[in-house]
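Chemist: Okay, sequence plus prediction incoming.
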Amino acid sequence: MENALAYLAAGLGAGLAIVGGGLGIGKLAASAMEASGRQPEAAGDVRTSMIIAAALIEGISLFALVICIILATK
């Protein structure tokens, strides 16, 4: 029973990490598109900043998934 609860907790944690990362990247992309629409001449700088921020968000999500997997296998 104890292992089942660990797997359940890891699955819920992984799901929350993915949902949070997806929402963060979605909000980031929406803001970047709005900024590019308002200031087309700054689109290159906005795109670069967006890609860096998206990579950081994905890194955090991946780190959370690895922690969930490690906790489930202990």
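Modeler: Noted; the coordinates are in hand.
Chemist: Give me the nearest residue to the residue nearest in space to the middle of the chain, chain neighbours excluded.
Modeler: The centroid of the chain falls nearest to Gly21 when counting by C-alpha atoms, centre = their mean (2.1 Å). Residue nearest to Gly21 in three dimensions, not counting chain neighbours: Ser61, with 3.3 Å by C-beta to C-beta, 6 or more residues apart in numbering. C-beta: built from backbone N, CA, C; applies to glycine.
Chemist: so who does that neighbour touch?
Modeler: By C-beta atoms under 8 Å, 6 or more residues apart in numbering, the contact set of Ser61 is Ala17, Ile18, Gly20, Gly21.
Chemist: what's the most distant pair in these?
Modeler: Ile18 and Gly20 (7.3 Å; C-beta to C-beta).
Chemist: So which residues of this protein form helices?
Modeler: For the chain, the helices defined by DSSP state H occupy 2-38, 43-73.
Chemist: Mean pLDDT added to the ones you listed, as a markdown table?
Modeler: Putting these into a markdown table (pLDDT from 0 to 100) gives the following:
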| stretch | mean pLDDT |
| --- | --- |
| helix 2-38 | 91 |
| helix 43-73 | 93 |
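Chemist: Fine, thanks again, bye for now.
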